[in-house]
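> coords please:
(one chain, ligands or ions: 1)
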Amino acid sequence: MSTMLEVSGLSHRYGSGPKAHTAVNDLSFTVEAGQLASIVGPSGCGKSTLLRCVAGLTPPTEGTVSLHGDRVNGVPDDLAVVFQDYSRSLFPWLSVQKNVEFPLRWRQISRAERRSRAAEALEQVGLSGVGGKFPWQLSGGMQQRVSIARALASRPALLLMDEPFASVDAQTRFELEDLTRRVQREQGSTILVVTHDIDESVYLSDRVLVLSKSPASIVADLPVGLPTARDQITTRESAEFVTLRSEVARLLHGGGTPEAATAASDAAEWELAERGSNVPEGSKTRS
Ligand SMILES: Nc1ncnc2c1ncn2[C@@H]1O[C@H](COP(=O)(O)OP(=O)(O)OP(=O)(O)O)[C@@H](O)[C@H]1O
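Model prediction:
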């Protein structure tokens, strides 16, 4: 495997002087080609800042980001980002097909090729046949599929996803998680996902990077040894899954006993539920 993303000694401070705020502190990690890594950390720890630095949207105060060996200075052509808020990232006046084609317009790609890539990407996300509709004619989950299709159409070397499923219902969230894993396997995509959701980070990933509270630094880099073929019910019930989610919860909450880890994990689910996020109904009952 070759290294697709290398983050080295990355720090970012907002402002300067006594009012400066360090959001990210001396982060170093790599993501190998074809790997799906997730970043999980407490609210406000600096996840979005890290993602913006990786995407070339924000120059880091210190350190470097390299994509397939090339130093990132500005948004690389072969990088795509899927944001949480699909309703603000799709153009309502453009058809689904045109939305997916849109980023390809700025490249030297013929009209025919743009159409064919958009059709292929829509097929990959299970939306063949809706290219002529407008985003507002689709459900929230379908709109987020369009955003994913748009990212895939540019055939990115690295796909960044910032809380990509936080605005859809629980069932759709599960479907989109499975879609992301299928796309990763079929396309060999390299994906870095930022999420608040401990269970999601474990279910989705080959690796989970756990960040400390602000300023973010890496407290653990955990390989996920779950089978490649995963299932929303049996995988989440497996002993390996339960152990890993407890480990991530324990790390996020600064260590402690296994009981504390379970409590922390439940608390994290409750926090998500309170935010109107997507914890399945069955897991919302406090014991
Ligand atoms: N443009 C900015 N100017 C000043 N401070 C900022 C700016 N953007 C973020 N911060 C601060 O940097 C810290 C990290 O913010 P960031 O949004 O990266 O965290 P996060 O982990 O993504 O948060 P959340 O989990 O709530 O999405 C926070 O304390 C935030 O207030």
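
> pLDDT score for the closest residue to residue 107 other than its chain neighbours?
Nearest-residue entry for residue 107: residue 77, 7.1 Å, with adjacent residues in sequence omitted and distances by C-beta to C-beta, 6 or more residues apart in numbering. Bear in mind the C-beta positions are built from the backbone N, C-alpha and C, glycine included. pLDDT recorded at residue 77 is 89.

> Same question for residue 42.
For residue 42, the model assigns a pLDDT of 89.

> now it: how far from the ligand?
Between residue 42 and the ligand the computed distance is 7 Å (C-beta to the nearest ligand atom, to the nearest Å).

> Could you look up the SS state of that residue?
At residue 42 the chain is in coil, as set by DSSP: H, G, I helix; E, B strand; the rest coil.

> Can you get me a residue count around it?
19 (other C-beta atoms under 10 Å).

> what secondary structure does the closest residue to it other than its chain neighbours sit in?
Of all residues beyond its chain neighbours, the one nearest residue 42 is residue 213 (4.8 Å), with distances taken as C-beta to C-beta, 6+ apart. Assigned with three-state DSSP, residue 213 falls in the coil class.

> So residue 213 is in contact with residue 45, correct?
Yes: under the criterion of C-beta atoms under 8 Å, residue 213 makes contact with residue 45 at 5.2 Å.

> The two: who's more crowded?
Using other C-beta under 10 Å as the criterion, residue 213 and residue 45 rank with residue 45 on top: 21 against 16.

> Tell me the secondary structure of the more buried one, please.
Going by three-state DSSP: residue 45 is coil.

> Enumerate every residue touching it.
Contact analysis of residue 45 by C-beta atoms under 8 Å, 6 or more residues apart in numbering lists 211, 212, 213, 214, 215, 216.

> Check residue 28 too.
Residue 28 neighbours (C-beta under 8 Å, 6+ apart): 7, 8, 9, 10, 63, 218.

> repeat that with 7 Å
For residue 28, the contact set (C-beta atoms under 7 Å, 6 or more residues apart in numbering) comprises 7, 8, 9.

> quick one on the thing from earlier: correct me, but the residue nearest to residue 42 touches residue 47?
No: using C-beta atoms under 7 Å as the test, residue 213 is too far from residue 47 to be in contact (11.2 Å).

> What parts of the stretch 151-287 of the chain come near the ligand?
Counting by C-beta under 6 Å from any ligand atom, the residues of the stretch 151-287 of the chain lying close to the ligand are residue 214.

> how many neighbours does the residue in the stretch 151-287 of the chain that the ligand sits nearest to have?
In the stretch 151-287 of the chain, the residue found nearest to the ligand is residue 214; the distance is 5.3 Å by C-beta to the nearest ligand atom. For residue 214, the neighbour count with other C-beta under 10 Å is 19.
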